[in-house]
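[1] using only what follows, build the 3D model:
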Amino acid sequence: MFYAIPLESRPSWRNPPWVTVLLILVNMLVFWGPQRAEDAAQERAAQFYLQSGLPKLELPPFVAWLQETGSPRATVARRLLARERYGELLEGLQQEQAFLRKLHADQIIKPAHAQYADWKRERQRYEAQLPAPFTTRWAQDHNPDAESRPWTWLTSAFLHGSTSHLLGNMLFLFLFGFSVELALGRGLYLGFYLLGAAGASALAAWAYAGQGGYGLGASGAVSALMGMYAVMYRLRRIRFFYQLFFYFNYVTAPALILLPAWIANELLQHLVGGKGIAYMAHLGGLLSGALLMAIAMRWRRVRLPEAPVEQAPDPFEQHVAAARRLAGEMKFEQACTQWRAAAKLRPGDADTLRAWFNTAKLWPAGEDFHRAAHRIFQLRPQDPATLELQHASYKTYLDHAKPGARLRPEDMARLARRFTRAQQFADAERLCQALMKTAPEHPELAETVALCANGLLQAGRRDQALGWLPHLLRLAPEAMVTRMLQKA
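    Predicted coordinates for the structure are as follows:
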């Protein structure tokens with residue numbers, strides 16, 4: 001099993017793929033409308049059949065007929081009969097038109113049979129409950145004596161055998177359909193979709209003629225879209241997700257390379273995969289779609305989407321990715337170098353500075369630890385998260401820096417004011433005291449001390465605020481907080 005799904009294309013909702021959406025809706029309405037109604041009626045009729053005397057009269061002759069005709073289903077049917085699994089045998093009986101014709105012609109249960117009258121009556125009651133055929137009427141008929149019905153080459157593409165069959169086809173219809181619709185335009189796209197369905201059915205009619213059963217499903221038409229997609233993009237490199245048996249991965253490759261891969265897969269599956277899936281319909285769709293798109297491109301009827309412009313890798317993101325990878329490999333010194341480079345590119349990125357600071361903390365005497373702390377102290381935002389980062393980093397820096405913290409006067413003033421706003425008054429006062437001792441002439445000293453004292457006063461810490469009054473009388477005698485404290 002092999003399939004590939006394109007990952008790079010995106011639907012354009014400025015020019016929505018309405019035809020693709022319409023096709024999906026039609027398929028869903030047909031399946032959950034008349035097909036589901038038919039299934040429900042058949043289920044009711046089957047319940048009547050199984051509760052009647054028909055299984056014991058009809059199913060043993062049916063199994064015998066399969067053996068006489070050399071049907072490959074004979075062995076399985078014999079086992080089902082022995083286990084009295086009549087429901088599964090009934091499904092097989094309903095598909096054998098040749099047997100049903102003999103049954104209706106009284107060639108199986110003959111008039112001379114002792115229970116002929118009872119059988120005839122029960123059979124008529126059963127058939128009266130059967131719904132008018134819908135799925136078999138519009139599906140491709142591959143039985144040996146099937147009449148020619150060319151219109152089913154199209155109608156069979158709107159029928160499905162199960163919910164999973166429907167949803168799988170609709171997923172691939174959308175994934176490939178919207179790109180092809182955008183390139184061809186709605187009218188031409190719809191025409192090519194129907195022609196692709198007809199091409200798929202034509203090859204299936206040739207490959208499966210006389211083998212029995214019915215052909216239905218949108219997979220042939222969807223395969224045509226896949227063929228169109230591959231030819232449309234040709235050598236453009238497209239990123240695909242693919243699965244090959246139990247292995248799956250991503251690959252970026254020219255789209256056209258997928259066409260022979262898809263074709264080879266369908267041929268291989270046809271040869272070894274049995275009769276459960278119409279692989280020749282898929283192959284017919286691929287070939288039809290590829291031919292139709294080649295003709296359209298020859299006539300210049302295709303608006304090929306522009307190739308996405310590949311953006312140059314972001315150096316910042318590269319440094320961050322490298323730092324995380326190296327940290328995961330326990331190479332912290334190299335990771336620190338990468339964090340430093342990232343911080344240089346975005347000096348205001350708090351997450352990067354935090355990572356650099358925490359990594360550099362492993363070498364508390366190193367220059368990186370001091371520089372990272374200084375960068376954090378310089379952050380301008382005053383939101384709670386930034387204030388919390390600055391305060392936590394300040395505490396860590398004081399505790400770990402060797403031979404000691406290297407705080408600049410401007411850092412002390414800035415942090416004192418910020419810690420006051422964060423109501424971290426103990427550290428704010430400590431910084432004010434350090435600033436007065438190390439830089440008594442600093443231009444921001446008066447404002448910083450006044451702000452700290454005012455913060456204490458507003459927080460109800462009047463006695464602590466009064467402790468700053470002597471300094472305020474010297475540094476900022478006209479400040480409002482100085483006057484307020486003098487009156488206190």
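
[2] for the rest of this, base every contact and every neighbour count on C-alpha atoms.
    Will do.

[3] same question for stretch 383-400, mean pLDDT?
    What stretch 383-400 shows for mean pLDDT is 92.

[4] check stretch 211-230 too.
    90.

[5] now the end-to-end length of that stretch.
    This stretch, stretch 211-230, spans 32 Å end to end (C-alpha to C-alpha, to the nearest Å).

[6] next, the buried residues of it.
    Neighbour-count burial for stretch 211-230 flags 212-230 (criterion: 16 or more other C-alpha atoms under 10 Å).

[7] once you drop chain neighbours, what's closest to residue 263?
    Distances taken as C-alpha to C-alpha, 6 or more residues apart in numbering put residue 283 closest to residue 263, at 6.1 Å, once the chain neighbours are dropped.

[8] for stretch 89-99, buried residues please.
    Residues of stretch 89-99 classed as buried under the neighbour-count rule (16+ other C-alpha under 10 Å) are 89-90, 93, 97, 99.

[9] list the contacts for the residue nearest to residue 263?
    Residue 283 makes contacts with 200, 203, 220, 223, 263, 266-267, as judged by C-alpha atoms under 8 Å, 6 or more residues apart in numbering.

[10] how about the strands in the stretch 1-150 of the chain?
    For the stretch 1-150 of the chain, the strands defined by DSSP state E, counting those that start in this stretch cover 2-6, 140-141.

[11] which of those has the lowest average pLDDT?
    Among these, strand 2-6 has the lowest mean pLDDT, at a mean of 59.

[12] among the contacts of residue 283, which lie within helices?
    Within these, residues falling in helices by DSSP state H are 200, 203, 220, 223, 263, 266-267.

[13] how about residue 377: what's its closest non-neighbour residue?
    Nearest one to residue 377, counting by C-alpha to C-alpha, 6+ apart, is residue 390 at 5.9 Å.

[14] residue 74 reaches residue 62, doesn't it?
    No - the criterion here is C-alpha atoms under 8 Å, and residue 74 misses it with residue 62 at 9.4 Å.

[15] quick one, what contacts the spatially closest residue to residue 452 that is not a sequence neighbour?
    Of all residues not flanking residue 452 in the chain, residue 420 sits nearest, at 5.8 Å (C-alpha to C-alpha, 6+ apart). Applying C-alpha under 8 Å, 6+ apart to residue 420 gives the contacts 428, 451-452, 455.

[16] now with 10 Å, please.
    By C-alpha atoms under 10 Å, 6 or more residues apart in numbering, the contact set of residue 420 is 426-429, 448, 451-456.

[17] so which strand or helix has it?
    Element membership of residue 420 [criterion: DSSP states H and E] is helix 409-421.

[18] tell me the mean pLDDT for that helix?
    Here the average pLDDT along helix 409-421 is 91.

[19] swap in stretch 82-100?
    Mean pLDDT, stretch 82-100: 91.

[20] ditto for stretch 37-46
    Rounded mean pLDDT across stretch 37-46 is 93.

[21] how far off centre is that stretch?
    36 Å (C-alpha atoms, centre = their mean, to the nearest Å).

[22] tell me the buried residues in it?
    Taking 16+ other C-alpha under 10 Å as the neighbour-count basis, stretch 37-46 is seen to contain the buried residues 38, 42, 45-46.
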